[in-house]
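Student: sequence? don't have it. structure:
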């Protein structure tokens, strides 16, 4: 079954979606050795974001400023359709630096000033199928 997904972006650099190697898969491990400079993990990233063993994806929405790229996050349902995860897209925004399936958490590390980063940990509740911000700390 095919599904068409249309989305709008806010601000993309001119080279976005021009290089077929600007992808990453945490499932097949493609391009996992590429360093995520300035929080840019690629134009398209395949990963199990909600810990249900299904492939989800993140697609770049904004090339970003000092804090890095911002993504739309799409979650796959049990019949193979994808839907926009409004919490991850609207609240987390950045692709996680750490995906911990044992704890059910996604952790972002975002530069917020010349000397400070913000570490945010988002926890997925498998009973309510919802996300919460479980921790936020500033690191100097």
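Tutor: Thanks, I have it. Owing to the predicted nature of the structure, the values given are computational and were not obtained by experimental measurement. Numbering: from 1, shown residues only.
Student: the residue most central in space within the chain: what secondary structure?
Tutor: Central residue of the chain (Cα atoms, centre = their mean): residue 95, 3.0 Å from the mean position. Put simply, residue 95 is coil when judged by DSSP: H, G, I helix; E, B strand; the rest coil.
Student: can you tell me how far it sits from residue 64?
Tutor: Residue 95 sits 11 Å away from residue 64, going by Cβ to Cβ, to the nearest Å. No exception for glycine: its C-beta is placed from N, CA and C like everyone else's.
Student: which neighbours do those two share?
Tutor: Taking Cβ atoms under 8 Å, 6 or more residues apart in numbering as the contact rule, the neighbours common to residue 95 and residue 64 are residue 39.
Student: just to revisit the earlier point, could you pull up the contacting residues of the residue nearest to the centre of the chain?
Tutor: Applying Cβ under 8 Å, 6+ apart to residue 95 gives the contacts 36, 39, 41, 45, 58, 69, 71, 108.
Student: doesn't residue 112 lie inside a helix?
Tutor: No - with three-state DSSP as the criterion, residue 112 is located in strand rather than a helix.
Student: what's around it, how many residues?
Tutor: Residue 112 has 12 neighbouring residues, counting by other Cβ atoms under 10 Å.
Student: quick check: closest non-adjacent residue to it.
Tutor: residue 118 (4.9 Å; Cβ to Cβ, 6 or more residues apart in numbering).
Student: tell me where the protein has strands.
Tutor: Secondary structure of the chain by DSSP state E: the strands cover 23-25, 44-47, 56-65, 68-76, 82-84, 98-100, 105-113, 116-125, 130-139.
Student: quick one: which of those is nearest residue 16?
Tutor: Closest approach to residue 16 among the strands of the chain (Cβ to Cβ): strand 56-65, 6.0 Å.
Student: so how far is the closest one from its chain's centroid?
Tutor: In terms of Cα atoms, centre = their mean, to the nearest Å, the centre of strand 56-65 is set 7 Å apart from its chain centre.
Student: now that strand against strand 105-113, angle please.
Tutor: Counting by axes from the mean of the first three to the mean of the last three Cα atoms, to 10 degrees, strand 56-65 lies at 10 degrees to strand 105-113.
Student: show me what the helix or strand bottoming out on mean pLDDT in the chain is packed up against.
Tutor: Least confident helix or strand of the chain, by mean pLDDT, DSSP states H and E, is strand 23-25 with a mean of 88. If contacts are counted by 3 or more Cβ pairs under 8 Å, 6 or more residues apart in numbering; DSSP states H and E, strand 23-25 sits against strand 44-47.
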